[in-house]
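Chemist: turn this into a structure:
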Amino acid sequence: MHTHRKFCNLVLYTLSAVALGAGLAHAKELTVTSFGGDYQKGQDEAIFKPFTAKTGITIKQDEWNGELAKVRAMVQAHAITWDLVDIETAELVAGCDEGLFDKIDISKIGSPDDFVAGGTNPCGVATAVWANVYAYDSSRIGSMKPSSAADFFDTKTWPGKRGLHKTPKNVLEFALMADGVKPDDVYKTLATKAGVDRAFKKLDTIKNDIVWWEAGAQPVQLLASGQVVMTTAYGGRIWTAVHKDHKPYATVWGNQIYDMDWWAIPRGTPHKDTALELIKFASQPSVIKNHSKWVGVGPAIKAAIPLVDKETLKELPTAPENLKDALANNAQFWADHFDSLNERFQAWLAK
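Modeler: Residues are numbered from 1 along each chain as shown. All right, here's what the predicted structure looks like:
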């Protein structure tokens, strides 16, 4: 009897030790999923490697394109293999509404005031600021340089084709700013029928000169081939073309439409506390400032902005000079209005 009891106790003790050891082993590894390329390489050098050096926690990396279906499948199956994801605003808002991400107590990371405007969300913590801008080939543009959305639509001063993203999102806002609407009033205006009409009327003025693009790599190709005089583009793509490929392209920051990438924690990960530890580490100004030198994104932490090298900073969306007449993308507006505005946009394209 005593022998049997001792044996049972030994088995329970052994199983408990194995379970504890497994828990500790899992706690020493975190799976983080991001967007690959130079962006993720920059995260690895600026954030992941220093985090591992400080904590001993290994970062296992994966890549994705922001497909919510992948997170949804994990959550529904209760089989979470990603502990932390880098995600864009629209998908964060949709995923949060759907319950795919854990809520984050921002006080465990810092103060909401630490972040650039709009940089907190119930399910996410902003990490990087990127922008929709327009760019031109400085070797072809002439002595007068465009500097605003209005200049993009000025085909008399700068004749030639314009590259535009084939979607109503950002294009309609850009058209309204070109027509004189202040950034603070853009979404209020676009929420009205008169405002929508005004945006399309402005687009009418250059419709015959538009070359549409759909993939992020296309604007750089359009400039390289000379098909367009200027084109809207993702700021990071132009940054890479200039700094990695040595192209003579110039970015126009006037009326940029900026957006953010966020850290989000898939609901049900057993490593939420460790994920929060990484987010807190990555949100330190002295850490996040280093991401900017790898790719053309700005830090989402206000105190990190002046820490970025001045030559690098002037080419980032978060430079104070570049934010003067900028517009923050309103993901909730597009969640509410995309279907109706896209229907109008597609009908306008077909005319």
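Chemist: surely Val71 touches Trp82?
Modeler: Yes - using C-beta atoms under 8 Å, Val71 is in contact with Trp82, at 7.3 Å. Backbone N, C-alpha and C define where each C-beta goes, glycine included.
Chemist: please identify every residue contacting each of those two.
Modeler: Both Val71 and Trp82 are in contact with Pro266, where contact means C-beta atoms under 8 Å, 6 or more residues apart in numbering.
Chemist: higher neighbour count, those two?
Modeler: Between Val71 and Trp82, Val71 has the larger neighbour count (other C-beta atoms under 10 Å), namely 24 against 20.
Chemist: contacting residues for the more buried one?
Modeler: By C-beta under 8 Å, 6+ apart, the residues touching Val71 are 82, 85, 95, 100-101, 266.
Chemist: after the helix or strand harbouring Arg237 comes which helix or strand?
Modeler: Taking DSSP states H and E as the definition, Arg237 sits inside helix 235-243. In the C-terminal direction, the helix or strand that comes right after helix 235-243 (DSSP H and E) is strand 249-264.
Chemist: and the angle from that next one to helix 235-243?
Modeler: 130 degrees (axes from the mean of the first three to the mean of the last three C-alpha atoms, to 10 degrees).
Chemist: next, the buried residues of the helix or strand following strand 249-264.
Modeler: Beyond strand 249-264 on the C-terminal side, the first helix or strand identified by DSSP H and E is helix 272-282. Residues 272, 274-279, 281-282 are the ones in helix 272-282 that count as buried (16 or more other C-beta atoms under 10 Å).
Chemist: check stretch 175-182 too.
Modeler: For stretch 175-182, by 16+ other C-beta under 10 Å, it's 175-179, 181.
Chemist: now the terminal residues of stretch 148-160, how far apart.
Modeler: Length of stretch 148-160, first residue to last, C-alpha to C-alpha, to the nearest Å: 17 Å.
Chemist: buried sites along it?
Modeler: For stretch 148-160, burial by neighbour count (16+ other C-beta under 10 Å) applies to 148-149, 151-153, 158.
Chemist: need the contact partners of that stretch.
Modeler: Here stretch 148-160 makes contact (C-beta under 8 Å, 6+ apart) with 134, 141-142, 144, 146, 162, 174-175, 177-180, 202, 205-206, 209, 228-230, 232, 252, 254-255, 325.
Chemist: any idea how far that stretch is from the chain center?
Modeler: Relative to its chain's centre, stretch 148-160 lies at 28 Å (C-alpha atoms, centre = their mean, to the nearest Å).
Chemist: now stretch 95-107
Modeler: Distance, centroid of stretch 95-107 to centroid of chain: 17 Å (C-alpha atoms, centre = their mean).
Chemist: which residues does that stretch contact?
Modeler: Residues from elsewhere that reach stretch 95-107, judged by C-beta under 8 Å, 6+ apart: 68, 71-72, 75, 87, 92, 112, 120-125, 264-269, 272, 276, 279, 335.
Chemist: element containing Ala117?
Modeler: Ala117 belongs to no helix or strand, assigned by DSSP H and E.
Chemist: surely it and Ala328 touch.
Modeler: Yes - assessed by C-beta under 8 Å, Ala117 is found in contact with Ala328 at 6.1 Å.
Chemist: who's more crowded, these two?
Modeler: Ala328 (21 against 11).
Chemist: from Tyr258, how far off is the closest residue to the more buried one other than its chain neighbours?
Modeler: Of all residues not flanking Ala328 in the chain, Gly118 sits nearest, at 5.0 Å (C-beta to C-beta, 6 or more residues apart in numbering). Look at Gly118 and Tyr258: by C-beta to C-beta, to the nearest Å, they are 9 Å apart.
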